[in-house]
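S.K.: model this:
(one chain, ligands or ions: 1)
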Amino acid sequence: MDSPKSDYYKNLDEVQGILMYKDFVKYWNDVETVQARPDDVVIVTYPRSGTTWVSEIVYMIYKEGDVEKCKEDAIFNRIPFLECRSDDVYNGVKQLKQMASPRVVKTHLPAELLPVSFWEKNCKIIYVARNAKDVAVSYYYFFKMVSAYPNPGSFPEFVEKFMNAQVPYGSWYTHVTSWWEKSKNPQVLFIFYEDMKEDIKKEVLKLVQFLGRKPSKELVDKIIKHTLFQEMKDNPSTNYTIMPEEVMNQKETSFIRKGITGDWKNHFTVALNEVFDMHYEQQMKGSSLKFRTEI
Ligand code: A3P
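M.R.: I've put the predicted structure just below:
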């Protein structure tokens, strides 16, 4: 385990005991005090759980299936990333302030860190969850891609960190279970990446209905077509290629990478899988939340 002073933690800090990228923590007061609007829709995920996929679907719903409008700008400009801050380059809170309603907001915050204003204004919240093993794999590649993130080491070393909440946004287990509890609130829709992979039409319909729109066949078909894995991988407004290479280096692996359920089988050895499963059972006991690791 790395000591708190090791190189691994150089760019990391904590908010209420939860590990986070250091530059985000520097301006935490701005995040905490952000002013929600009643018609905001918040998309919440643990990183690498399908945020971008669901974000593009929601944006398509808002733009009534107008693909050209969705391609007008990069997704991180159309849907501000609430807590994201780097001194001059990106400021999620400022972007939100300047944005006309209705706004779609992206965040990876655990339930206890979501700014209180979103609860007070009774905003709609969409939580997307993905099984822990595929998240760990995808997060591992993300660490390799983002220059400010620490070196993840070998995959087994990274998995140990993931299990011990030594990654930005902390414990996957606490994140998903606490948001699962919040989903008793009808303003919170909890959906699964695996369900989207299995039957995208059903999940798109759920989203359209949750957002109070008319689920016309034409709209649903357009959304499905525009948000196919390959479409989003090739689309500069969704694939993050607009990000400077010094920030996100997509030469070896891409932001929209494989888009499957079960890639963990190509990364976990039998022994690592056993250790992970035992730890998983312990962490998740007491929660009724169940995931599928294959479909
Ligand atoms: P993989 O790394 O397993 O391929 P996030 O947007 O939360 O960072 O999640 C990224 C993950 O979602 C990546 O997983 C990415 O490939 C996958 N993804 C993005 N768009 C997708 C799509 N249209 N269909 C399926 N998976 C998608």
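S.K.: How about T241: what's its closest non-neighbour residue?
M.R.: Excluding its sequence neighbours, the residue lying closest to T241 (Cβ to Cβ, 6 or more residues apart in numbering) is Q250, at 6.4 Å. Just so you know, the C-beta spots here come from the backbone N, C-alpha and C atoms, and that holds for glycine as well.
S.K.: Distance check, that neighbour against A100.
M.R.: 31 Å (Cβ to Cβ, to the nearest Å).
S.K.: How about S287?
M.R.: 39 Å.
S.K.: in the stretch 51-200 of the chain, which spans are strands?
M.R.: 85-86, 90-91, 104-107, 124-129, 188-192 (DSSP state E, counting those that start in this stretch).
S.K.: wait, is L19 part of a strand?
M.R.: Yes - under DSSP: H, G, I helix; E, B strand; the rest coil, L19 falls within a strand.
S.K.: now check stretch 225-241, is it near the ligand?
M.R.: Yes - using Cβ under 6 Å from any ligand atom, stretch 225-241 reaches the ligand at T227, F229, M232.
S.K.: Tell me if I'm right that the first one and E56 touch.
M.R.: Yes - A contact is recorded between T227 and E56 when judged using Cβ atoms under 8 Å, the distance being 5.0 Å.
S.K.: one step back: any chance of the strands of the stretch 51-200 of the chain in a markdown table, with mean neighbour count and mean pLDDT too?
M.R.: Below are these laid out as a markdown table (neighbours: other Cβ atoms under 10 Å; pLDDT from 0 to 100):
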| stretch | mean neighbour count | mean pLDDT |
| --- | --- | --- |
| strand 85-86 | 18 | 92 |
| strand 90-91 | 18 | 94 |
| strand 104-107 | 23 | 98 |
| strand 124-129 | 23 | 99 |
| strand 188-192 | 19 | 98 |
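S.K.: next one: phi and psi at the residue lying farthest from the centre of the chain?
M.R.: Here the chain reaches farthest from its C-alpha mean at A271, the gap being 28.5 Å by Cα atoms, centre = their mean. Recorded main-chain torsions at A271 are phi -60, psi -50, according to degrees, to the nearest 10.
S.K.: Before I go, just wanted to say thanks for your time.
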